[in-house]
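A.B. asks: The following comprises the amino acid sequence and a computationally predicted model.
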Amino acid sequence: MNGGKLSKRSKGDNMKILLVVAQTGFQHIEYNDTKDELEKAGADISVASFEKAEAIGKDGSKIDVDIGIKDVGVNDYDAVVLIGGPGAAKQLVGNQDVIRLVQDFDNSEKVIAAICISPVVLAQARLLDGRKATVWNGDDKQEDILTAEGAEYVEKDVVVDIRIITANGPAVAREFGKTIIKVLEEGSEETK
């Protein structure tokens with residue numbers, strides 16, 4: 001785990017952000033609201049999934065995927081954002097390609113964000129050890145997974161620990177998106 005200080009960006013810099021979604025069953029509200037906030041701030045968004053093909057939200061909505069996860073060049077982006085949903089629980093959690101992707105972003109000291117169940121991927125990648133984080137909590141008690149991997153679970157909507165941002169679900173997706181931009185622009189080191 002790299003804990004290096006995140007450098008500040010100038011306002012107006014063209015931020016390049018990679019959104020990672022499950023090929024099927026991604027949380028459409030988290031995707032749409034987060035993406036909307038990132039685009040409002042002028043970010044250039046690319047969408048990644050397992051195949052460069054259509055991805056389908058849990059509501060049946062369809063989006064285009066720009067790049068396959070295995071083809072992502074970490075240096076092409078300022079941040080990676082994992083979107084949650086039932087598809088994320090089945091496809092992103094435990095997937096070695098996704099775990100390797102977030103580890104590569106961490107090794108490059110980039111901003112890493114995850115919402116809903118997706119913070120579990122960050123825990124599996126050992127990125128939350130000794131850090132504060134939140135996660136969506138359903139019947140499976142995802143907070144137990146985070147704490148088992150060394151995270152300090154915080155029962156808040158959005159949590160920032162240096163350059164890792166976690167959020168607990170669709171209701172806070174807009175706040176999550178705004179927080180990602182704030183961390184990119186200000187180089188926040190504080191935990192909320």
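C.D. replies: Done, it's in. These numbers come from a predicted model, not from an experiment.
A.B. asks: SS state for residue 46?
C.D. replies: strand (DSSP: H, G, I helix; E, B strand; the rest coil).
A.B. asks: OK, contacts around the nearest residue to it once chain neighbours are set aside?
C.D. replies: Setting aside the residues directly before and after it, residue 46 is nearest to residue 66 in space (C-beta to C-beta, 6 or more residues apart in numbering), at 4.5 Å. Heads up, the C-betas are built off the backbone N, CA and C, glycines and all. The contact partners of residue 66, taken as C-beta atoms under 8 Å, 6 or more residues apart in numbering, are 46-48, 52.
A.B. asks: looking at these, which has the most residues close by?
C.D. replies: residue 48 (25 neighbours; other C-beta atoms under 10 Å).
A.B. asks: tell me which residues form a beta bridge with it?
C.D. replies: Beta-bridge pairing for residue 48 (DSSP bridges): residue 20, residue 67.
A.B. asks: pretty sure it contacts residue 70?
C.D. replies: No: with contacts counted by C-beta atoms under 8 Å, residue 48 stays clear of residue 70, the gap being 9.4 Å.
A.B. asks: which residues of this protein score low on pLDDT?
C.D. replies: 1-13, 139-140, 188-192 (pLDDT under 70).
A.B. asks: at 80 what do you get?
C.D. replies: 1-13, 138-140, 187-192 (pLDDT under 80).
A.B. asks: Enumerate the strands of it by residue range, in sequence order.
C.D. replies: Assigned by DSSP state E, the chain shows strands spanning 16-20, 24-26, 44-49, 55-57, 62-63, 67-68, 79-82, 111-115, 132-133, 152-153, 158-161, 164-167.
A.B. asks: want to throw those strands into CSV with distance to residue 101?
C.D. replies: Formatted as CSV, the strands of the chain follow (distance: least, C-beta to C-beta, whole Å):
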stretch, distance to residue 101
strand 16-20, 7
strand 24-26, 16
strand 44-49, 8
strand 55-57, 16
strand 62-63, 19
strand 67-68, 11
strand 79-82, 7
strand 111-115, 10
strand 132-133, 18
strand 152-153, 23
strand 158-161, 19
strand 164-167, 14
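A.B. asks: Can you name the residues that contact residue 43?
C.D. replies: Taking C-beta under 8 Å, 6+ apart, we find residue 43 in contact with 14-17, 181.
A.B. asks: Residue 87 and residue 22, how far apart?
C.D. replies: Counting by C-beta to C-beta, to the nearest Å, the separation of residue 87 from residue 22 is 3 Å.
A.B. asks: more neighbours, the two?
C.D. replies: The residue with more neighbours, out of residue 87 and residue 22, is residue 22; 28 against 22, by other C-beta under 10 Å.
A.B. asks: Which residues are in contact with that one?
C.D. replies: Contacts of residue 22 (C-beta under 8 Å, 6+ apart): 49, 55, 83, 85, 87-88, 90-92.
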